[in-house]
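> I would like the atomic coordinates for the input below:
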Amino acid sequence: MGVKSAGAALLAVKAILSSPTKYSASANRSDAIDSGGLRRKRSNVNYRSDKQGQLGLSESSSRRRLSIDEDLQRFFLPTKEGDGIIDEIDMRELLIQMNLYLPSMSVMTQEPTRSSTPAPTKPPSPMPTESLAPTLTSCENPGTCENRLRDQIYGVSVRVGTVDALDDPNSPQSRASAWIVEECGADPPIDPCDVSLLNLNEQRYALAVMYFSLNGDDWNAGANPGQDPSAPAGQWMSGLNYCDWGADVAGEDGTSYNQLVCDEFGNVLNLNLQSNNMVGPIAPEIGVLKYLTSYISFFNAQSGPIPTSLGLITPLQTFDVESNNMDGDLFKPEYSGPSGLKEIVNFRASLNNFVGTIPTEIGQWTKLQNLWFADNELTGTLPTELGNCADMGAFLLYSNKIGGTLPTELGNMNSLTWIDMEDNDVVGTIPEDFYSNLDLEQVILKSNALTGTLSDRVGDLTSLTTFWVSFNELTGSIPTSIGNCVNLEELELQNNALTGSIPTEFGNIQTIEFISVEQNELSGTIPAQLFDPALGALRILYVNNNKLTGQIPENYGQAPRLKDLWMNDNLLSGTLPIIAEGEFLFLDMPFFFTQCAEELLINNNDITGVVDESLCLIRNNTVPGGQLGVFHADCQPPASGGPPQIQCSCCTACFE
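Predicted coordinates:
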C-alpha cells in the first residue's frame, strides 16, 4: 500500500468518522423551496452564535472533530522511523484496532448484523467532491423558474393574507399559481430571476387571481375561456404582456375606455371593469397593484367585503364599487384609519349591503371630492371631522340608518354641490352654517326627523337646482327669500308642519319644474304668479291637503306646460274658471310624461257651480292636444239627497 493509496484511505475514513447523523445547512438545500410546495422547510441543524456574532456548530461537535483529526494522525501518518511502515499495515486490522481503541466512535460494529447486507448490484459511487452545480433556486438551474415563482407567490400571499387559500386547489390563488407557473415553459418564458421584473411578475399573478375570483370566463369584455395563451390583445390571461389584456369598451355616451391601463414601466394604473358581468369577491391580491390609481367596477355582482389590502395601494384615487352585492364593514382601519389612504378622491360604494359607522379618521381624506355610500346599512352619526373635507363636491348617504344631528362643520365644505341624506334618522335643526356652502346645487334632506325652521339664508343658495326637505317635522313659514333661487328646478316641502302662505316670490323662479307643498298647514290663497306664462318650465304643482282659501286663480289655465295640478283637500271656494281656447292643453310634454294622463284634482273643497264645457273638451284629446285623463271633483250627490256640489259631465271620479 503506497502513500497515495494511504492518503485516499485517510480521506475515506475521515469522511466516515466525521459525517453528521443529520443534514447540515451547508450540506444540501433541503431548506430551500420544496419543488412540490410553496413553503420553506425549517432546518434541523442547531445553530449558535459565538461572541463575534458569527454562526457556528455546537462546541461538542468542534471538540469531537479535533479528536478525530488527532486519532487519524496517530493511525495513518508515517512515523519518523520510516515512510514504508504504512505499507505493511493491514487495513482491516487497523480498523479493528481503531474500533477497540476508540469505542465511542463506533467505526465498526462489534457484532455482525442479524442479516447480512446483500452484495451491491452496481459499482460503488466515487467519493463526492464539493459540488459546483447550481442549487434549486439558482438562476442557472432548469427548475429554478417554477420554484422562484412559487416563492414569490407565497410572499404575496403572506402580504395580503391568503396563505391558506394556496392549499385549496380550487381557489383563485391556486388556479392563478398553476397558470403562471406554466409560463415557465412559454416562448419566451417568464423570468423570475430578474429583480427588476419581480414587481411585474407579482402584478401578473394578482391580475390572474382577480380574473379567477371574479369569474372572468363569463365577462362581457376581456374573457378568455380556457386561458388560451395565443389569445389576441383585449383578452385576459393570454401569453401577451398583461398591459395588452384590457379590452377597448364602448361607453353608452359614445366614448370608449380601456379596461386595463399601464404606465410606461408596466405598472397597472387603472382598472375599469364596469358593467362586465363580474361575479364573486374582490381578491385581496388587489393590494399587490401598488401603483393603481383607479378601480372602477360598478354595475356588477361582486360580493364579500372590501379587502383590507386596499390600504396597501397608497396612490389610489378612485374606488368605485357601486351597485354590487358587497357586504361587511365599509370603512376599515387598514384603508380609512390613521395610516390609511391619503390620496383618495372618489370613494363610491352605494347600492350594496355594507354596515358599520363613519370613522372620525374620514377627516384625513382631505382630497376627497366624492363620498357615496347610499342605500346600505350604515349606522352611527356624522362625525364633525367631515368638515375637514373641504374639497368634497358630492356627499351621498341616502337610505342608511345614520342618526344624530347635522354637524355645523358641514358649513366648512365650501366645494359641496350635492348632498343627499334622504331616508335616514337624522334629528335636530339645519345649522345656519350649512347655508355657507354657496356652491350647493342639490340639497336632499327628505325623510328624516329634522325640526326647526327654514332659514332665510336659503336665498343665498342661488346655484340651487334641487331642494328637498319633505317628510320631516319642519315648522314655521316658507322663506320669501327662496324666490332668489333663480336656478331652482325642484322644490319639495311636503309632509311637514309649515304654516303661513305660499310666497308670491315663487313666480320669480322661471326655471321651476316641480313644486310640492302638500300635506302642511299652509293658509291664504293660491298665488296667481304660479300660473304666469313666464313659468314655462312648470310641470307639476301640488298644493293639496292644506288650509288654503279663496278662489282658484282665473289664469290657472295659462301655465303653458303644466301637467298635474292638485288643489284638493283645502278650503277653496267659488267656481271653476272657464279656460280659453288653446289653454290647458299640456303641450310639449317631455319624454317621461308622454305615456301619462294629466291630472286635475279639485275635490274636497267648497267649489260650486258647473264645470264648463271648455274643460270637458280637453278630456282624452277631444280637442287636439288635450290629454286630461284624471279629473276629480265634488260631483257626487250627498247621501242625504239633493244636487251635487259641482255638476260635471266629464269628471273621472266624483266625491261628495
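> any idea how far the residue most central in space within the chain lies from residue 305?
Central residue of the chain (CA atoms, centre = their mean): residue 321, 4.5 Å from the mean position. To residue 305, residue 321 is 11 Å away according to CB to CB, to the nearest Å. Where you see a C-beta, it was placed from the backbone N, CA and C, and this is true even at glycine.
> what about residue 438, neighbour count?
13 (other CB atoms under 10 Å).
> three-state assignment of it?
Following DSSP: H, G, I helix; E, B strand; the rest coil, the label given to residue 438 is coil.
> which ones are touching it?
Taking CB atoms under 8 Å, 6 or more residues apart in numbering, we find residue 438 in contact with 414, 460-463.
> biggest separation within those, which pair?
Farthest-apart pair in the contacts of residue 438 is 414 and 462; separation 15.2 Å (CB to CB).
> quick one: stretch 358-365 to chain centroid distance?
Relative to its parent chain, stretch 358-365 has a centroid offset of 17 Å by CA atoms, centre = their mean, to the nearest Å.
> low pLDDT regions in the chain?
Residues of the chain that meet the criterion pLDDT under 70 lie in 1-142, 582, 584-597, 620-626.
> ok, back up a step: top of the contacts of residue 438 by number of neighbours, please.
Most surrounded of these: other CB under 10 Å gives residue 461, at 24 neighbours.
> please name the residues that touch it.
So, once contact is read as CB under 8 Å, 6+ apart, residue 461 ends up touching 435, 437-438, 440, 443, 467, 485.
> can you give me the helices in this protein?
For the chain, the helices defined by DSSP state H occupy 3-18, 59-76, 91-101, 144-160, 172-182, 198-213, 333-336, 613-616.
> burial of the closest residue to residue 520 other than its chain neighbours, as a residue count?
Once flanking residues are discounted, residue 520 sits nearest to residue 498: 4.2 Å by CB to CB, 6 or more residues apart in numbering. Neighbours of residue 498 under the rule other CB under 10 Å: 22.
> residue 498 and residue 523: what is the separation?
Residue 498 sits 10 Å away from residue 523, going by CB to CB.
> what does residue 173 give?
69 Å.
> those two - which one has more neighbours?
residue 173 (26 against 16).
> I'd say residue 604 and residue 656 touch.
No: the pair residue 604 / residue 656 is not scored as a contact, 9.1 Å apart, by CB atoms under 8 Å.
> before we move on, the earlier item: of the contacts of residue 461, closest to residue 452?
Among these, and counting by CB to CB, the member closest to residue 452 is residue 435, at 12.9 Å.
> excluding chain neighbours, what is closest to that closest one?
Nearest residue to residue 435, sequence neighbours excluded (CB to CB, 6+ apart): residue 457, at 3.8 Å.
> give the contact list for the one you found.
Contacts of residue 457 (CB under 8 Å, 6+ apart): 432, 435, 481.
> buried subset of these as a ChimeraX selection?
Command for ChimeraX that selects the buried part of these, burial taken from 16 or more other CB atoms under 10 Å:
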select :435,481
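> which of the contacts of residue 457 lies closest to residue 195?
Using CB to CB, residue 435 comes nearest to residue 195 of the contacts of residue 457, at 58.3 Å.
> quick check: that closest one touching residue 456?
No: here residue 435 does not reach residue 456: they are 9.0 Å apart, not a contact under CB under 8 Å.
> and residue 227, how close does it get to residue 501?
Counting by CB to CB, the gap from residue 227 to residue 501 is 71 Å.
> between the two, who's got more neighbours?
Counting neighbours by other CB under 10 Å for residue 227 and for residue 501 shows that residue 227 has the greater number, 19 against 15.
> distance check, the more buried one against residue 238.
According to CB to CB, residue 227 stands 8 Å off from residue 238.
> now swap in residue 431 and tell me
Distance from residue 431 to residue 238, by CB to CB: 56 Å.
> what's the answer for residue 291, then?
In terms of CB to CB, residue 291 sits 22 Å off from residue 238.
> just give the number of residues close to the nearest residue to residue 258 once chain neighbours are set aside.
In space, and not counting its chain neighbours, residue 258 is closest to residue 246: 4.6 Å by CB to CB, 6+ apart. Residue 246 is flanked by 24 other residues according to other CB under 10 Å.
> now do the phi/psi pair for residue 246.
Main-chain dihedrals, residue 246, degrees, to the nearest 10: phi -60, psi 130.
> OK, contacts around it?
Contacts of residue 246 by CB under 8 Å, 6+ apart are 222, 234, 258-261.
> of those residues, closest to residue 383?
residue 261 (34.7 Å).
> excluding residues flanking it in the chain, which one is nearest residue 529?
In space, residue 529 is closest to residue 507, 2.8 Å off (CB to CB, 6+ apart).
> right, I mislabeled it, should have said residue 510
residue 534 (5.5 Å).
> do the same with residue 472
residue 450 (4.1 Å).
> cool, residue 546 as well?
Nearest in space to residue 546, with sequence neighbours left out and distances taken as CB to CB, 6+ apart, is residue 522 at 4.2 Å.
> what sits against the one you found?
So residue 522 contacts 478, 498-502, 543, 546-548 (CB under 8 Å, 6+ apart).
> just how off-centre is stretch 171-180 within its chain?
On CA atoms, centre = their mean, the centre of stretch 171-180 falls 23 Å from that of its chain.
> buried stuff in that stretch?
171-177, 179-180.
> swap in stretch 529-543?
529-532, 535, 538-543.
> again with stretch 448-462
For stretch 448-462, by 16+ other CB under 10 Å, it's 448, 450, 454-455, 457-461.
> can you give me the end-to-end distance of it?
One end of stretch 448-462 sits 25 Å from the other (CA to CA, to the nearest Å).
> kindly report the same for stretch 601-618.
Stretch 601-618 end-to-end distance (CA to CA) = 15 Å.
> would you agree residue 410 is in contact with residue 433?
Yes: using CB under 8 Å, residue 410 is in contact with residue 433, at 7.1 Å.
> more neighbours: the two, which one.
Taking neighbours as other CB under 10 Å, residue 410 and residue 433 compare with residue 410 leading, 22 against 16.
> check contacts around that one.
382, 386-387, 416, 419, 431, 433-434, 437.
> mind checking which of the residues you listed land in strands?
residue 419 (DSSP state E).
> out of the contacts of residue 410, grab the one that's most surrounded.
When neighbours are counted by other CB under 10 Å, residue 416 leads the contacts of residue 410 with 26 neighbours.
> so what's that residue closest to, chain neighbours aside?
According to CB to CB, 6+ apart, the nearest residue to residue 416 is residue 437 (4.6 Å).
> buried set for stretch 344-353?
Going by 16+ other CB under 10 Å, stretch 344-353 has these buried residues: 344-352.
> which one of these is nearest to residue 391?
Closest to residue 391, out of all of the buried residues of stretch 344-353 and judged by CB to CB, is residue 345, at 8.2 Å.
> so that closest one makes contact with residue 316?
No: shown here, residue 345 and residue 316 do not form a contact pair, counting by CB under 8 Å, at 9.1 Å.
> ends of stretch 364-372, what's the gap?
First-to-last residue span, stretch 364-372, CA to CA: 17 Å.
> just how off-centre is it within its chain?
Counting by CA atoms, centre = their mean, stretch 364-372 comes out at 15 Å from the chain centroid.
> name the residues that touch that stretch?
For stretch 364-372, the surrounding residues in contact (CB under 8 Å, 6+ apart) are 317, 322, 336, 338, 340-350, 362, 385, 388-397, 415.
> many thanks, we can stop here.
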